[in-house]
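> I would like the atomic coordinates for the input below:
(one chain, ligands or ions: 1)
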Amino acid sequence: IASPSSSNEERQGFSSRIGFILAAAGSAIGLGNIWGFPTQAAQNGGGAFLLIYLIMVFILAYPMLVAELTIGRLSQKNPIAALRNLSDNPTAKNFASLSGILGVCALSLILSFYAIVAGWLVSFMLEPIFSLLGMNAIADWLTGFSTSRNLVMMLVIMLLTIRVVQDGVSAGIERWSKRLMPALLILLVLLSVYILCQPGAMEGLELYLIPNFSQINADLMVSAMGQAFFSLSLGVTGMMVYGSYLAKKENLPATAAMVAGLDTFVAILAGLLIIPAMFVAQKNGVTIYAEDGSLLSSDTLVFTVLPAMFNTMGSVGPFIAIGFFTLLTIAAITSTISMLESPVNMACEQFNQPRKKMSWLTGGVITLISTIIVFNFGSLFGLVITITTVYAQPALAMVFGLLLMWVLRRDRLLKELQQGNPEIESSLFWKIWPWYVKFICPVMILVVFFN
Ligand code: PFF
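This is a model prediction of the structure:
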């Protein structure tokens, strides 16, 4: 589905529907699913959180995902050009550009902290190998918190990400998504089955699947909403750029439903792995509760509790540990790839430059930002996460939705969606979605802000 672009290179898209679905699901499925969702669920009433999360994905995140993909596919251009394309009015165009620039900046910042965390996962994946080889000094360096470790492993992630993105959408992103996503699913299922067979697992399963409705409150709803936005990669142009590579003949709402469905499925499955694993760890003598009776923080659970449990599992322990951190690393890398694609595509098209050069240049700038965070970890790391995921993502997702529904002419929107689904005008989706994104979603997002 090549289409002309402002760049002198041919603009290439995904070569198949499944390629798009796996790449977009690769973007969505990340640390948010395998680490964030299960630990949040465990801390917020288990099944109650799961239930509210499912509602949030369905009523809020999915409609916004269709909106973002539609903006991209309408113009088949980079996010800034795509947002400008929504209106003919110069003021609206400038406002749209600004929101696009902010989105790309927020996304670059997300990549700059995400690459650090992904680096830790690679460290923990390599550690059992070095331990088995008796190279204990390296193993200790890998799992100890140090600026040098954080820097080196972040560089590894950034180099891998740039390598994939420089090869383009079908030869780089799509090819790797098709390899990594099935591997991720297989690993997740195998590990879940193994953990569920261990003593103590059923206690975790109970906490996860039996909802404790008394825990549902405003805070829980806010957490679930934020989690849904982060998980579906909304508000920061990552999905918009993937939408711009989707063929016109594809049914957009149905394809987006597949992506959201896969993302949610993996989050639920990850809950079946992580929450029981915490209780298996407890059975094996590892502390999982803090002194005040609450569960330990999510990073302690992943980097202290679970490795401690792997250590109690005898000779299979190191292999389970390698499998577990490989799973997290794969999930992280398919997400970092999607984060780099948007700024790279924008730089290529806006400045009419070749992809390879822009991949290294843009990736280099983001690596520099990440390096600054590594050296000022205490003051910057948490701050960048809060600014991007708590504020920028919901705010910008709301702006993108509003631009699509209030600025774009309704007949153009309908025509766009009819290309992949000629009957859409009479569907329930078309009756609800436009006014829903226009009125309801912004109100719900504002409610989050006031909380
Ligand atoms: N959705 C990813 C996760 O759940 O970890 C994170 C993410 C990817 C956020 C891509 C934003 C983005 F553009």
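> ok, then the element right after the helix ranked longest in the chain?
As assigned by DSSP state H, the longest helix anywhere in the chain is helix 90-132. Sequence order places helix 136-143 as the next helix or strand after helix 90-132, per DSSP states H and E.
> any weak-confidence spans in the stretch 351-451 of the chain?
Where the stretch 351-451 of the chain drops to pLDDT under 70, the residues are 448.
> Which one of the residues in it is closest to the ligand?
residue 393 (7.3 Å; CB to the nearest ligand atom). In short, each C-beta sits where N, CA and C put it, glycine included.
> quick one, what contacts that residue?
Listed by CB atoms under 8 Å, 6 or more residues apart in numbering, the contact set of residue 393 reads 106, 226, 229, 230, 234, 235, 236.
> Which ones among these lie within helices?
Those of those mapping onto helices are 106, 226, 229, 230, per DSSP H.
> Disregarding flanking residues, what is the spatial nearest neighbour of residue 73?
Excluding the flanking residues, the one nearest residue 73 by CB to CB, 6 or more residues apart in numbering is residue 243, at 4.6 Å.
> from what I can see the one you found touches residue 75, true?
No. Residue 243 lies out of contact with residue 75 (CB atoms under 8 Å); the separation is 9.8 Å.
> circling back: and the residue of the stretch 351-451 of the chain closest to the ligand, that's in a helix?
Yes. Counting by DSSP: H, G, I helix; E, B strand; the rest coil, residue 393 is found in a helix.
> Please report the distance of the residue nearest to residue 73 from residue 188.
Residue 243 is 26 Å from residue 188, where distance means CB to CB, to the nearest Å.
> For those two, work out which one has more neighbours and name it.
residue 243 (29 against 24; other CB atoms under 10 Å).
> Would you check the distance separating the helix or strand where that one lies from the middle of the chain?
Assigned by DSSP H and E, residue 243 belongs to helix 238-244. How far helix 238-244 lies from its chain's middle: 13 Å, per CA atoms, centre = their mean, to the nearest Å.
> got the buried residues for the next helix or strand after that helix?
As assigned by DSSP H and E, the chain's next helix or strand after helix 238-244 is helix 252-283. For helix 252-283, burial by neighbour count (16 or more other CB atoms under 10 Å) applies to 252-253, 255-260, 262-264, 266-283.
> Next: stretch 297-314.
Buried residues in stretch 297-314 (16+ other CB under 10 Å): 298, 301, 302, 303, 304, 305, 306, 307, 309, 310, 313.
> Just confirm yes or no for that stretch near the ligand.
No. Shown here: stretch 297-314 not in contact with the ligand (CB under 6 Å from any ligand atom), separated by at least 12.8 Å.
> pLDDT averaged over that stretch - what is it?
Averaged over stretch 297-314, pLDDT sits at 88.
> With stretch 259-266 instead?
Computed over stretch 259-266, the average pLDDT equals 96.
> Please export the C-alpha coordinates of that stretch as PDB.
Output in PDB follows, covering the C-alpha atoms of stretch 259-266 (Å, rounded to 0.1, in the frame of the first residue of the first chain):
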ATOM      1  CA  VAL A 259      -5.700  -4.500  18.500                       C
ATOM      2  CA  ALA A 260      -7.500  -3.400  21.700                       C
ATOM      3  CA  GLY A 261      -8.700  -7.000  22.200                       C
ATOM      4  CA  LEU A 262      -5.200  -8.500  21.900                       C
ATOM      5  CA  ASP A 263      -3.800  -5.800  24.200                       C
ATOM      6  CA  THR A 264      -6.500  -6.600  26.800                       C
ATOM      7  CA  PHE A 265      -6.100 -10.300  26.400                       C
ATOM      8  CA  VAL A 266      -2.400 -10.100  27.100                       C
END
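> Just confirm yes or no for it near the ligand.
No. Stretch 259-266 stays clear of the ligand (CB under 6 Å from any ligand atom), getting no nearer than 7.5 Å.
> Which residues does that stretch contact?
21, 24-25, 28-29, 33-34, 54, 57, 61-62, 65, 184-185, 188, 231-232.
> quick check: angle from the helix or strand where residue 398 lies to helix 90-132?
Per DSSP H and E: residue 398 is located in helix 393-402. Here helix 393-402 points in a direction 140 degrees away from that of helix 90-132 (axes from the mean of the first three to the mean of the last three CA atoms, to 10 degrees).
> And the next helix or strand past helix 393-402?
helix 410-418.
> Tell me which residues of that following helix come out buried.
Quick answer for helix 410-418 (16+ other CB under 10 Å): 413, 416, 417.
> Now tabulate the residues you listed in CSV and tack on distance to residue 120.
Below are those laid out as CSV (distance: CB to CB, whole Å):
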residue, distance to residue 120
413, 43
416, 41
417, 42
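> Can you verify my assumption that residue 84 contacts residue 91?
No. Using CB under 8 Å, residue 84 is not in contact with residue 91; the gap is 11.6 Å.
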